[in-house]
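> I'll drop the sequence and a predicted model, then ask my questions.
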Amino acid sequence: MDDLLQSLVANARVDNATLAKTLGLTEAEVVERIAEYEERGLIKSYQAILDEDKLPGRVTAVIEVSMTPERGGGFDRTAARIAKFPQVSSMYLMSGDFDLMMFVQGSTLQDVAQFVSEKLSTIPGVTGTATHFMLKTYKHRGVLMQTEEAHERLKVSP
Amino acid sequence: MSGSRSRPKASNLVDKLADPVRDMPRSGIRDFFDIVSQMKEVISLSIGEPDFVTPWHIREHAIFALEQGRTGYTGNRGLPQLLTGLSDYVERTFGLSYHPESEILTTVGVSEALDVALRALINPGDEIIYHEPCYVSYAPIINMAHGKAVCIETLEKDNFCITPEQLSGAITPKTKAVVLNFPNNPTGGSMDADTARALAEIAVAADLIVITDEVYAELTYEGTHTSIATMPGMRERTIFLHGFSKAWAMTGFRIGYACAPPELCEAMMKIHQYTMLCAPILSQEAAIEALKQPETDIGEMRASYLRRRNFITKAFEEMGVPCMMPQGAFYAFPNISQFGMSSKDFALRFLDEQEVALVPGTAFGACGEGFVRCSYATAMDDIQIAMERMAIFCDHLKTKG
């Protein structure tokens, strides 16, 4: 990962002028490179990372899905069909005992249960699901939810 | 106090003090610390330690070591596993080969290593050459050992590096050793291989010992770091000092080491043995773990310092304040002489008006006059605010004085 991407991954809200100064580039170069990354689809989106445990009325489930792959399409066509449901926040094809792992969000347990029984399980090719409700988030996308207190440094030291 | 228990009238206690201690000024840093600590909302660019905490795997290993009951003394030189690890690391990183059993001494920070190195060498009246601006302890430690500290003033035009001519000019028949510190605190200056070679030739010709404090070596941003100990004829006359404080963000662990030929290492070990016994075992354990993935640990922090260095030097450039591009460490040392005030007045007024703390260059030697040290081992947000305020301050000084 180059310097610019690293900086953006660490903090996507840094303005272009600061990025330029810290990376030894001109502002125009920063703008151009970011535009290029966006165009190539390397940068997909810029989002805030929340401590979702602080949001009321929101449950998350991790669901393992077993599937029968299709002749010709493998898992991709069915997976794409599942991924389009807005309830699905992330989804991955996995090696091991099951095929897809997905993170599904809803306002209540029933919401999620309903999605699994009415939508997910009924899709042709899906042969089984196992739903695990998430109880607490410790770390999300490299960010600790319980941050360590800033360590006290002497205000002046040699 | 009337009515208090009588005790024999003390003679003037100051007269009881050892001369070098009585005559030793308090660190200029300390004076500034007292002022800054009384202020609440100060942004501090005056901190000489990383703003990172020690990488988690190192802390976690120290916790494990404590759980395992690793609470005893160790051998004077340090844990064998640490000594072997240090030997490997120094060879891999600096191209210097030291025997773990006879040529490495683990110390309580580089500060202790420097102290034992100087005490091992100095007879009363021996001259020790060092360069300023520099870390605050060099001259005091030399003086406490009854040596004579001979100062070379490094200049902005030389990128704050000592020149061969300066070194030659400072040598007398009484010169025993030279203390070098590159990359340098407070200037960010470093020493290139050509200079190191030229200085080495002089040291060999004059038969001097060289003590080289390379604690900032891994935090080198331009080119690669070359240790003077690698130059021809130098290994046998060099005491190489290094530690974990800066590159691994382990200041509070107080763990450093000295590498030197057996005779010198043995001499330092004797002092260490009688004064310190050993470095704290938990810190030694942490250091063992720190040596397992140094590239990963240091790489991330170095990249972050580099970005901040770029930002801060660019900011000074835009303000029209000359600032040598620091090649290493995490300090910028801008030249504020155009404002016609002393470094101390500049720093005090900036602190008073803009609530940002810097260290006056004079805290690192008289020749630091006209400069201030800005540590960029500080959160980027704070650096940004500090530089905005610096721009306002400088603008104000330029227009109104």
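Looks like it arrived, so ask away. All values reported here derive from a predicted model rather than from experimental measurement. Numbering: from 1, shown residues only, chains lettered A, B, ... in the order given.
> what residues are up against the residue nearest the centre of chain A?
Central residue of chain A (CA atoms, centre = their mean): residue A:90, 5.6 Å from the mean position. By CB atoms under 8 Å, 6 or more residues apart in numbering or on different chains, residue A:90 lies in contact with A:102-103. C-beta coordinates here come from the backbone N, C-alpha and C atoms, glycine included.
> quick check: phi and psi at it.
Dihedral angles of residue A:90 (phi, psi; degrees, to the nearest 10) stand at phi -150, psi 150.
> what about the residue in the stretch 101-250 of chain B that chain A sits nearest to, how many residues close to it?
Closest residue of the stretch 101-250 of chain B to chain A, CB to the nearest CB: residue B:136 (4.6 Å). Residues lying near residue B:136 (other CB atoms under 10 Å in any protein chain shown) number 21.
> that one against residue B:24, yeah?
No. Between residue B:136 and residue B:24 there is no contact under CB atoms under 8 Å: 11.0 Å.
> what parts of chain B come near chain A?
Within chain B, the positions lying close to chain A (CB under 8 Å from any CB of the partner chain) are B:27, B:29, B:32-33, B:36-37, B:42, B:44, B:46-49, B:51, B:53, B:135-137, B:185, B:303, B:307-308, B:310-311, B:314-315, B:357, B:359, B:363, B:380, B:384.
> okay, whichever residue of the stretch 1-150 of chain B sits closest to chain A: pLDDT?
Per CB to the nearest CB, residue B:33 is where the stretch 1-150 of chain B lies closest to chain A, at 4.0 Å. Looking at residue B:33, its pLDDT reads 87.
> picking that back up, so what's the residue nearest to the centre of chain A bridging to?
Beta-bridge partners for residue A:90, by DSSP bridges, are residue A:103.
> I'd like to know how far it sits from residue A:109.
Between residue A:90 and residue A:109 the computed distance is 19 Å (CB to CB, to the nearest Å).
> same question, residue A:121
16 Å.
> what does chain A have sitting close to chain B?
A:3, A:6-7, A:18, A:21-24, A:148, A:151, A:153-158.
> burial check on residue B:79, number of neighbours?
So residue B:79, with other CB under 10 Å, has 19 neighbours.
> look up the closest residue to it, ignoring the ones flanking it.
residue B:284 (5.0 Å; CB to CB, 6 or more residues apart in numbering or on different chains).
> if we can go back for a sec, give the PyMOL command for selecting the buried subset of the residues of chain A next to chain B.
Typed into PyMOL, the line below selects the buried ones among the residues of chain A next to chain B, using 16 or more other CB atoms under 10 Å in any protein chain shown:
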select buried, chain A and resi 3+7+18+21+22+23+153+154+155+156+157+158
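> for the helix of greatest length in chain A, what is the distance to the chain centroid?
Across chain A, the longest stretch assigned as helix under DSSP state H is helix A:27-40. Here helix A:27-40 is found 23 Å from its chain centre; the criterion is CA atoms, centre = their mean, to the nearest Å.
> contact partners of it?
For helix A:27-40, the surrounding residues in contact (CB under 8 Å, 6+ apart) are A:4-5, A:8, A:16-17, A:19-20, A:23, A:25, A:43.
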